[in-house]
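Undergrad: kindly generate the corresponding structure for this input.
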Amino acid sequence: MAEIILARHGQTAWNKAEVFRGRIDIELDTTGLKQAELLAKYLSHRNLETVYSSPLWRAVQTAETIARHHGLTVEISPGLNDIDFGEWQGLSREEVSTRYSELYSAWISTPHRVRMPSGESLDDVRQRVVVLVNEVVGKHKAAVVLVSHRVVHKVLICALLGLDNSHFWDIRLDNCGLTTFEFTEGRFVLVEHNNTSFLEPLKQDRLSDF
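TA: Got it, this is the predicted structure:
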């Protein structure tokens, strides 16, 4: 039985400021580094077979912190890369809602129908990340960690639960939140979602879903 552990990367300054990140390579901030270390300690007693990561530095930093506790080398996977937000990348939520008011409204109400200007759609993300997960469960028999991004993991969670992308906003995923699926008898079974209990020592306020 394979176990797929989805881990969102730690906090960045742009998470806190509500700036669209996408493919812009933002590093973890001080809080994010502390979150990654607490996450790694929480997983340190798990029998992990390998750790996969998005190519973006914020995810790699998180993944390397996890892998270090297990003597593992992080495997970089383009399939875990963040959504390409296109022209929205580097803009704040307020700027996007003003400059792209109609498209932003559609993103909030019907995200599954939106393609980012000069970027990707949720369907694009879903296609590449599902291919990766199918490869992972075919290759590994123990616990595997996939470190990626909010949009990628939300879309993947929908896919593994048999939901379409219209349910994107029905799922919350915080920085360093853990979501775990067991893969048994050809079925993905959700056993844990958005676990951030290990971050309690930070005594931090919960950020918005961004």
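Undergrad: would you map the strands across this protein?
TA: Assigned by DSSP state E, the strands in the chain fall at 2-8, 48-53, 75-76, 143-148, 178-184, 187-195.
Undergrad: from the chain's centroid, how far away is the shortest one?
TA: Which is strand 75-76. 15 Å (CA atoms, centre = their mean, to the nearest Å).
Undergrad: mind listing residues that contact that strand?
TA: T50, V51, Y52, S53, S54, P55, V60 (CB atoms under 8 Å, 6 or more residues apart in numbering). For the C-beta atoms, the positions are set from N, CA and C on the backbone; glycine is no exception.
Undergrad: again with the first one
TA: Residues from elsewhere that reach strand 2-8 (CB under 8 Å, 6+ apart): 39, 43, 46, 48, 62-63, 66, 133, 136-137, 140-150, 153, 156-157, 160, 173-183, 188.
Undergrad: tell me how far the longest helix along the chain lies from the chain's centre.
TA: If you go by DSSP state H, the chain has its longest helix at helix 122-139. Distance of helix 122-139 from its chain centroid, counting by CA atoms, centre = their mean, is 13 Å.
Undergrad: pull the CA atoms of that helix into PDB?
TA: Extracted in PDB, the C-alpha atoms of helix 122-139 (Å, rounded to 0.1, in the frame of the first residue of the first chain):
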ATOM      1  CA  LEU A 122      -6.800  24.300 -13.600                       C
ATOM      2  CA  ASP A 123      -7.300  21.600 -16.200                       C
ATOM      3  CA  ASP A 124      -3.700  22.100 -17.400                       C
ATOM      4  CA  VAL A 125      -2.500  21.700 -13.800                       C
ATOM      5  CA  ARG A 126      -4.700  18.700 -13.200                       C
ATOM      6  CA  GLN A 127      -3.500  16.800 -16.300                       C
ATOM      7  CA  ARG A 128       0.200  17.100 -15.400                       C
ATOM      8  CA  VAL A 129      -0.100  16.400 -11.700                       C
ATOM      9  CA  VAL A 130      -2.300  13.400 -12.100                       C
ATOM     10  CA  VAL A 131       0.200  11.900 -14.500                       C
ATOM     11  CA  LEU A 132       2.900  12.300 -11.900                       C
ATOM     12  CA  VAL A 133       0.800  10.700  -9.100                       C
ATOM     13  CA  ASN A 134       0.000   7.700 -11.300                       C
ATOM     14  CA  GLU A 135       3.700   7.300 -11.900                       C
ATOM     15  CA  VAL A 136       4.500   7.600  -8.200                       C
ATOM     16  CA  VAL A 137       2.000   4.900  -7.100                       C
ATOM     17  CA  GLY A 138       3.300   2.600  -9.800                       C
ATOM     18  CA  LYS A 139       6.900   3.100  -8.600                       C
END
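Undergrad: can you give me phi and psi for the residue nearest in space to the middle of the chain?
TA: Central residue of the chain (CA atoms, centre = their mean): H149, 2.6 Å from the mean position. Per-residue torsions, H149: phi -120, psi 160 (degrees, to the nearest 10).
Undergrad: need the contact list for the closest residue to it other than its chain neighbours.
TA: Nearest-residue entry for H149: D82, 4.1 Å, with adjacent residues in sequence omitted and distances by CB to CB, 6 or more residues apart in numbering. D82 sits next to R21, G22, R23, S54, L56, A59, S148, H149, V151, V152 when contact means CB under 8 Å, 6+ apart.
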